[in-house]
Structures are given as C-alpha cells and as structure tokens.
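[1] quick one, what's the 3D model for this:
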Amino acid sequence: MRIEVDEEPLTALAEYASIPIAFEVGTVLDVADAGDGLSNFVLTERSLDVPYVKDYDALSGEHPTRWAERFDMSNWGLFAARVAGRRVGGAAVAFNTPGVDMLEGRSDLAILWDIRVAPEARGQGVGTALFRAAEAWARARSCRHFKIETQNINVPACRFYVQQGCVLAAVDHYAYPALLDEIQLLWYKALS
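    Presented below is the predicted three-dimensional model:
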C-alpha cells in the first residue's frame with residue numbers, strides 16, 4: 001500500500017474532520033509512579049467489563065472545525081494521508097501559538113495536536129507516515145522537542161507513541177475534571 005502524505009491549508013479542516021477519531025475502549029492503562037523520583041511510570045493494562053466507544057470530536061468545542069474559534073492557527077500544520085487518492089488519515093501540529101498552554105511558552109516545542117486514521121486503514125502504516133511528516137514539519141521550524149497528549153483509555157495510541165520513540169514524561173490524574181475516568185499522559189520525543 002502506497003501512502004501519500006501532504007500538507008494541506010487550514011481551510012481543509014472540514015475534510016480533515018471527515019476521518020473519524022472514535023475508537024473502542026476495551027482496556028485502559030492503570031498508571032503508577034515507579035517510586036524512583038525520576039518521573040518513571042509503571043503502566044498496567046486492565047480489561048474493562050463493558051467496552052465503550054470514545055469520540056473526542058463529540059466533546060463540546062473539540063471538533064476540528066471549531067479549533068479556529070479557540071486558537072490562532074496561523075502557526076499550525078495540517079496533513080492528509082491518502083491511499084490511491086482516497087483520504088485515510090490526518091494530523092495537526094501546533095507550534096508557537098499564544099494561549100496553547102501545552103506549548104509551555106517554548107519556541108522549540110511543537111505538539112502533535114491531533115492524529116486520526118480511518119478505521120479500515122488502522123495498523124497499516126498510515127499513522128507512522130503522518131507522525132513522520134509532523135516530526136519533519138516541527139524540525140523545519142527548529143523545534144527540539146515534540147510533545148503528544150493522550151489518555152490512559154487510548155491504549156493503542158500509547159503503544160503507537162512508544163513505537164515512534166516517544167517517552168512518557170508526565171502524568172496528570174486530574175487534568176480532565178469532566179472526565180474523571182481519564183488520566184492525561186504526556187509523551188515527548190527529542191527531535192535531532
């Protein structure tokens with residue numbers, strides 16, 4: 001399968017959002033501190049009695065077509081992945097954006113804001129191709145680090161970020177007051 005990844009204008013957000021981000025949650029990661037004082041964490045996968053579907057686009061204000069209402073996206077990158085001309089995925093990268101606290105006020109940090117792959121194309125290299133394009137985009141802007149936020153309920157994403165060379169550097173059990181069953185996991189990757 002030949003995957004083509006191209007940067008798109010931000011005006012393509014509606015097409016970008018046509019790829020669903022929803023996924024089934026059948027397992028979660030329980031997070032514990034390794035106790036060594038080095039921000040090391042122990043992740044233990046636990047099966048749920050009743051799986052459910054999580055769709056972040058359904059949360060108020062989180063749909064990609066709403067991002068520009070909350071953020072100045074002029075320093076963002078938007079990517080589309082296609083196979084045989086058909087859109088099968090996308091990624092968004094935020095950089096140097098006032099009001100995005102996740103950027104920590106740094107000009108050498110980019111965030112993988114969003115990555116999505118069509119359900120029928122998952123596990124076929126589309127996510128890796130998008131991740132590499134997003135990394136290259138961040139490097140071209142002299143970023144030294146790449147940051148990714150996910151949650152303990154998205155076990156496949158956590159595995160994916162480890163495969164991409166990311167390191168779990170921070171955990172916040174209370175990041176989502178409205179979603180008390182979710183723990184924020186912050187992954188980082190050094191960009192050489």
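[2] pull the CA atoms of the helix or strand harbouring Leu185 into PDB?
    Assigned by DSSP states H and E, Leu185 belongs to strand 184-190. The C-alpha coordinates for strand 184-190 follow below in PDB (Å, rounded to 0.1, in the frame of the first residue of the first chain):
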ATOM      1  CA  GLN A 184      -3.600  12.600  30.900                       C
ATOM      2  CA  LEU A 185      -0.400  11.100  29.600                       C
ATOM      3  CA  LEU A 186       2.200  13.500  28.100                       C
ATOM      4  CA  TRP A 187       4.800  11.900  25.800                       C
ATOM      5  CA  TYR A 188       7.900  13.700  24.400                       C
ATOM      6  CA  LYS A 189      10.300  12.900  21.700                       C
ATOM      7  CA  ALA A 190      13.600  14.700  21.100                       C
END
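[3] buried stuff in it?
    Using 16 or more other Cβ atoms under 10 Å as the burial criterion, the residues of strand 184-190 that qualify are 184-189. Backbone N, C-alpha and C define where each C-beta goes, glycine included.
[4] strands of the protein, residue ranges please.
    Taking DSSP state E to define them, one finds strands in the chain at 3-8, 23-33, 41-54, 77-83, 86-95, 109-117, 145-151, 167-172, 184-190.
[5] return the most buried member of these.
    strand 109-117 (a mean of 24; mean count of other Cβ atoms under 10 Å).
[6] ok, the residue nearest to Ser47 when sequence neighbours are not counted to Leu112 distance?
    Counting by Cβ to Cβ, 6 or more residues apart in numbering, Thr27 is the residue found nearest to Ser47 once chain neighbours are left out, at 5.2 Å. Thr27 sits at a distance of 22 Å from Leu112 (criterion: Cβ to Cβ, to the nearest Å).
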